[in-house]
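Q: one predicted model, sequence on top.
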Amino acid sequence: MKGEESDHYWPGTVMGLGVFFSLISALTVMPWTVIPPELLLRVLLGLCFIGNLVPLIIVGARLGMARLEFFLFNLIAVGPVVTSVLLWLNFLLHGPREDTVHAVARTEQGGTLITYVFSDDLLAEYPFARSTYKDWNATVGSHVRVSLADGLFGFPVVLRKEPLAGMP
């Protein structure tokens, strides 16, 4: 109905929840997933804009959305939420874990994070996957036990980083 003011608030609520859920996922599951940042950005952008390929008349009008509202809904809610759900599924539904012990060449401490630099260059291109919060581990050992597993979509996930202080 043209000219009538819309009185629905659910798209805005879903957009707000989408931003919140995406921020939580970016701080938790994204650093644990060993995926190139460029690929993750491409997936996010693709999912943000793929909903706009669906004709507005078919979906947006049925949901009672205006053109701009439909565009923003796809950009702020659909893309980030679907990307976050895919990351969580990859992390939670993983294969058997593999524990390996790696020597620590050095640690980089900044703010609340400790980033391990391994002598065998494990996860060298993924600094967030090598980082842990200072509060989680009181010890910084000469070796770290790293638990990796292949996720649901084939991207490895870091399940655990445990410093081993007693190793030579």
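A: Yep, it's here.

Q: secondary structure class for Gly95?
A: On the three-state scheme (DSSP: H, G, I helix; E, B strand; the rest coil), Gly95 is labelled coil.

Q: my read: it touches Phe153, true?
A: No. Gly95 is not in contact with Phe153 according to CB atoms under 8 Å; the separation is 11.3 Å. (Each C-beta comes from the backbone N, C-alpha and C, glycine too.)

Q: quick one: the helices in the protein, in order.
A: Shown for the chain, the helices assigned by DSSP state H span residues 10-27, 29-32, 37-50, 67-72, 79-92.

Q: quick check: the residue most central in space within the chain vs Met15, distance?
A: Ranked by distance to the mean C-alpha position of the chain (CA atoms, centre = their mean), the top residue is Met30 at 2.6 Å. Distance check for Met30 against Met15: by CB to CB, to the nearest Å, it reads 20 Å.

Q: what's the neighbour count on the nearest residue to the residue nearest to the centre of the chain once chain neighbours are set aside?
A: If you skip the residues right next to it in sequence, Met30 has Leu87 as its closest partner in space, 6.1 Å away by CB to CB, 6 or more residues apart in numbering. Other residues lying near Leu87 total 26 when counted by other CB atoms under 10 Å.

Q: list the contacts of Leu87.
A: With contacts taken as CB atoms under 8 Å, 6 or more residues apart in numbering, Leu87 has the following neighbours: Ser25, Val29, Met30, Thr33.

Q: now render the residues you listed as JSON lines, adding pLDDT and distance to His8.
A: Supplementary listing: the contacts of Leu87 in JSON lines, determined by pLDDT from 0 to 100; distance: CB to CB, whole Å:
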{"residue": "Ser25", "pLDDT": "95", "distance to His8": "26"}
{"residue": "Val29", "pLDDT": "95", "distance to His8": "31"}
{"residue": "Met30", "pLDDT": "94", "distance to His8": "32"}
{"residue": "Thr33", "pLDDT": "95", "distance to His8": "35"}
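
Q: can you list those in a markdown table and add distance to Glu69?
A: Output for these, formatted as a markdown table (distance: CB to CB, whole Å):
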| residue | distance to Glu69 |
| --- | --- |
| Ser25 | 24 |
| Val29 | 29 |
| Met30 | 28 |
| Thr33 | 32 |
